[in-house]
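A.B. asks: model this:
(chains A and B)
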Amino acid sequence: MRLSPDDIIYWQLGFWKLNGTIVSTWILMLVLVLSALLITRRLAMGLQRSRWQNLLEIIVSTILQQIEDVGLKQPRQYLAFLGSLFLFVAIASIATIIPSYEPPTGSLSTTAALALCVFVAVPLFGIRAHGLRGYLRAYAQPTPIMLPFNIISEFSRTLALAIRLFGNMMSGSMIIAILLVVTPFIFPIVMTLLGLLTGMVQAYIFFILATVYIAAATHTHS
Amino acid sequence: MDSMTYIAIFSIITAGITMAIGAIGPALGEGRAVAAALSSLAQQPDASATITRTLFVGLAMIESTAIYCFVVSMILLFANPFWNDAIARTTG
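C.D. replies: Numbering: from 1, shown residues only, chains lettered A, B, ... in the order given. Purely as a prediction, here's the structure:
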């Protein structure tokens, strides 16, 4: 039994392998970028807009509203990073309705990469908001005794972010694979539906947690 | 019994125990969370959108402890490093 799409190897040249994770990630990236380009090529300012533009506007304004609800005052400067995180994870789990597709987020490499992006982005946004000294001083809050714990929590939450997404996605495809052996008729479809729901919830949680971390780093502590 | 048999026995038993104990805590926690959310929904139906959203996020956070246990038990069953080490020693 496969644990992750890392084990599907399409092409190999010595050390370099082209596995299922990379291929489906590239396809998703291509789909996301191309559809965004195609939709935003003809943008209408008036009320007569295409349905795709409406869809994109709904998505973007919802994401902006969610970021603002968490407590980031100017949500537009975080939209590019957080929005692409959410869209990638969400599309990766929605696309499981396509047969013989394996979500790239079901591989620990992808989720670790996404979590590392958050791990790098949080200090960058924090430094941009407070300067290097101001950001580093936040580690010694409320007392300098908390310094090691603050640093540990920085790493542990990155690990938790990666493992949470990976575990949820992997368990979804694993349950379906087990059910196909036990009851191959209707139950796998029901579990696929449940997997779609948990996939969306996980995408939302990944996005909200990244937003909360950035909000904590850029928060003005008096 | 050789060491490979021991590794197999203990991996399977540990995977089962991990899943069993790891499911109890999150199940109790999720039950409490849903009960609290339902009673607050009954008290304040106007705030249903916020409560439901927070409930889903909280449920997924609680559930992730069970997911960690699941990942550990899956690693023990399908990607056991000790098992691979034992196989590598006996064959090569």
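A.B. asks: Which secondary structure state is assigned to residue A:18?
C.D. replies: Look at residue A:18: counting by DSSP: H, G, I helix; E, B strand; the rest coil, its state is strand.
A.B. asks: Spell out which parts of chain B neighbour chain A.
C.D. replies: Proximity of chain B to chain A (Cβ under 8 Å from any Cβ of the partner chain) is limited to residues B:56-57, B:59-61, B:63-64, B:67-68, B:70-71, B:74-75, B:78-79. In short, each C-beta sits where N, CA and C put it, glycine included.
A.B. asks: What helices and strands are in contact with the longest helix along chain B?
C.D. replies: Counting residues, the longest helix found in chain B (DSSP state H) is helix B:3-43. With contacts taken as 3 or more Cβ pairs under 8 Å, 6 or more residues apart in numbering or on different chains; DSSP states H and E, helix B:3-43 sits against helix B:48-78, helix B:81-91.
A.B. asks: shaky segments in chain B?
C.D. replies: Where chain B drops to pLDDT under 70, the residues are B:1, B:92.
A.B. asks: Please name the residues that touch residue A:207.
C.D. replies: With contact taken as Cβ atoms under 8 Å, 6 or more residues apart in numbering or on different chains, residue A:207 is in contact with A:63, A:66, A:82, A:85-86, A:89.
A.B. asks: circling back to that earlier point, for the helices and strands packed on helix B:3-43, which one ends up most surrounded?
C.D. replies: helix B:48-78 (a mean of 18; mean count of other Cβ atoms under 10 Å in any protein chain shown).
A.B. asks: centre of the chain versus that one, how much separation?
C.D. replies: The chain centroid and the centroid of helix B:48-78 are separated by 8 Å under Cα atoms, centre = their mean, to the nearest Å.
A.B. asks: Quick check: the gap between residue A:210 and residue A:38.
C.D. replies: Distance, residue A:210 to residue A:38, using Cβ to Cβ, to the nearest Å: 27 Å.
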